[in-house]
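*Asks:* Got a predicted model here, sequence first, then my questions.
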Amino acid sequence: RLSSLGWKRWAPVQTAVFAAHIMAGIPMMWENKGRMVNQEGVTRLSVIKTAVTLTGALVTLYAGILGQKADRLAEEGAVGATEPAPGASDELKAAQRQLRTLQWIIPFFAGTVIVLGAKHGEMQRPRNALAGLFRS
């Protein structure tokens, strides 16, 4: 129950962060449209980063849905947030098993977005931007 309460309080913040990230990305892409067209690799990296971001958001949303299910079934008992009690229903066991996996997958998406953002930053350095423009 404590885990579910924490996630319920965190969900609005998490949603706002995803929305802010996506809403900030749109004007940035618009501002860099010339670079995306002309500099080799920028469009490909932008598409990959967008796909990873959206997939991470969807996986996080799915984890929230599973968390609500686990919270709804919490009366059946659990050893921990992702470990069901021996007498728990198959539905609770499945939700907790998936949550156990997702608790490691979600940070992977976040880390990947950070790494791709760093790569984007490196591509914007003047020497890299000029080299990328002349390779096209």
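*Replies:* All right, it came through fine.
*Asks:* Name the residues of the strand or helix carrying L99 that are buried.
*Replies:* Assigned by DSSP states H and E, L99 belongs to helix 90-123. Buried residues in helix 90-123, counted by 16 or more other CB atoms under 10 Å: 92-93, 95-96, 98-99, 102, 106, 109, 112-113, 116, 120, 123. (Each C-beta comes from the backbone N, C-alpha and C, glycine too.)
*Asks:* ok, for the residue nearest to the spatial centre of the chain, nearest residue in space, not its chain neighbours?
*Replies:* Nearest residue to the geometric centre of the chain (CA atoms, centre = their mean): G56, 2.7 Å. Using CB to CB, 6 or more residues apart in numbering and skipping the chain neighbours, the partner closest in space to G56 is F109 (3.0 Å).
*Asks:* hang on, the earlier thing: ok, so of the buried residues of helix 90-123, who is nearest N38?
*Replies:* Using CB to CB, M123 comes nearest to N38 of the buried residues of helix 90-123, at 12.0 Å.
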